[in-house]
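Trainee: pasted the sequence and its predicted model underneath.
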Amino acid sequence: MLIGALASGLLAAYVALVYVSDTPAPLEAAVTPARSIVVASRDLPAGTIVQREDVETVQWPGSAVPQGFTTQPGDVVGRGVIVAVQKNEPLLQSKLADKDAGGGLAITIPDGMRAVSVEVDKVIGVAGFVLPGTRVDVLATVVPGDNRALTTTKIILQNIRTLAADQKYQQDSEGKPQYVTVVTLLVTPEQSEALTLAATQGKIQLALRNTLDLKEIDARGLRIGALVADAGSSARTSGSRSRPARQAHPERVIESYQGGSRTLLKFGTGGGR
């Protein structure tokens, strides 16, 4: 019995050894080496010329490196930022202008577009809510010649992006200092003509719109004559409703007899016969 137990133990050990030898070892996951990548060390607004202190190099997982990344700070220093870059965001080639393009507002203007600046006050500028990146409609009010009856207001531009909104110092007609807000809009060449004409020959107004609202409407404009006519019609309608209705005056009848003859006399409340 002892010999049999020993033999069984040896057989079991042999089988276990063969099983372990035949089982493949687990594969180790392939490790992708990290890459050095240039990121912003601070927030960089559009138009900024990148300086050496504006960037730093970090280790980025090699499997998640974005397309268009740079590895050397010298590849981005001196170039203008086309689109605003946040801190720790990679400086991609698509967000940088060419080295000879410089910086400022000009490099942020897409090909085929124009930047036109117009002076506005707090009312026209929607009380300071027109900021870079917002979208507006432009309304123009024009008086043809001296005929004020033909004064017309019309939406001439829709869904226009604001590039900048700054204040500048100038003097009024009496030489007193005043601040004027200048709003720069991104328009096509054709739209720049309409905007300039409206600003010089009439008065413009900006209407702030939801940045997600891209729908354009059929704006036909409104003349002051139609506006006054509608107001007058409303006033007449309102007045006619408020006027009390005239009540009929009741009549009084007096019956009299003279010589066997019967006579009826009718009188109103005002005393008339």
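Mentor: Yep, it's here.
Trainee: where do the strands sit along this protein?
Mentor: Ranges of strands in the chain, per DSSP state E, are 35-40, 55-60, 114-120, 135-142, 152-171, 177-187, 203-209, 222-223, 252-258, 261-267.
Trainee: can you give the domain ranges for this protein?
Mentor: In terms of domains, the chain is parsed into 35-107, 109-225 (source: automatic domain parsing).
Trainee: how about a markdown table for those domains, with mean neighbour count and mean pLDDT added?
Mentor: Where you see a C-beta, it was placed from the backbone N, CA and C, and this is true even at glycine. What follows is those, written out as a markdown table (neighbours: other CB atoms under 10 Å; pLDDT from 0 to 100):
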| stretch | mean neighbour count | mean pLDDT |
| --- | --- | --- |
| domain 35-107 | 16 | 90 |
| domain 109-225 | 14 | 83 |
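Trainee: mind putting the strands of the chain into TSV with distance to Thr108?
Mentor: Below are the strands of the chain laid out as TSV (distance: least, CB to CB, whole Å):
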stretch	distance to Thr108
strand 35-40	17
strand 55-60	19
strand 114-120	8
strand 135-142	16
strand 152-171	7
strand 177-187	9
strand 203-209	20
strand 222-223	35
strand 252-258	90
strand 261-267	90
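Trainee: hey, what's Arg209 bridged with?
Mentor: Following DSSP bridges, Arg209 is listed with bridge partners Arg135.
Trainee: quick check: it vs Val182, distance?
Mentor: Between Arg209 and Val182 the computed distance is 20 Å (CB to CB, to the nearest Å).
Trainee: and for Val116?
Mentor: As judged by CB to CB, Val116 and Val182 stand 11 Å apart.
Trainee: contacting residues around the nearest residue to Arg161 once chain neighbours are set aside?
Mentor: Distances taken as CB to CB, 6 or more residues apart in numbering place Leu186 nearest to Arg161, at 4.6 Å, with adjacent residues excluded. When contacts are counted by CB atoms under 8 Å, 6 or more residues apart in numbering, Leu186 touches 109-110, 113-115, 160-163.
Trainee: tell me the spacing between the nearest residue in space to Gly62 that is not next to it in sequence and Gln59.
Mentor: Leaving aside its chain neighbours, Gly62 sits nearest to Thr32 (4.0 Å; criterion: CB to CB, 6+ apart). Thr32 is 12 Å from Gln59, where distance means CB to CB.
Trainee: which residues does Phe129 contact?
Mentor: Applying CB under 8 Å, 6+ apart, the residues contacting Phe129 are Leu208.
Trainee: kindly recompute the last result at 10 Å.
Mentor: By CB atoms under 10 Å, 6 or more residues apart in numbering, the contact set of Phe129 is 136, 165, 206, 208.
Trainee: which members of those are the farthest-apart pair?
Mentor: Maximum pairwise distance among these (CB to CB): 11.6 Å, between Ala165 and Leu208.
Trainee: pull up the overlap in contacts between the two.
Mentor: Here Ala165 and Leu208 share the contacting residues 125, 129-131, 134, scored by CB under 10 Å, 6+ apart.
Trainee: which non-adjacent residue is nearest Glu216?
Mentor: Spatial nearest neighbour of Glu216, chain neighbours left out: Gln158 (4.8 Å); criterion: CB to CB, 6+ apart.
Trainee: please apply the same query to Gly133.
Mentor: Nearest one to Gly133, counting by CB to CB, 6+ apart, is Thr162 at 6.6 Å.
Trainee: show me what the one you found is bridged to.
Mentor: With DSSP bridges as the rule, Thr162 is bridged to Leu185.
Trainee: how about the helices in the stretch 1-150 of the chain?
Mentor: 2-22 (DSSP state H, counting those that start in this stretch).
Trainee: contacts only, for Leu139.
Mentor: Counted by CB under 10 Å, 6+ apart, Leu139 has contacts 124, 153-157, 198, 202-207, 219, 221.
Trainee: follow-up on the earlier one: which one of the shared contacts of Ala165 and Leu208 is nearest Ala229?
Mentor: Distances from Ala229 to the shared contacts of Ala165 and Leu208, taken by CB to CB, are shortest for Gly125, at 31.3 Å.
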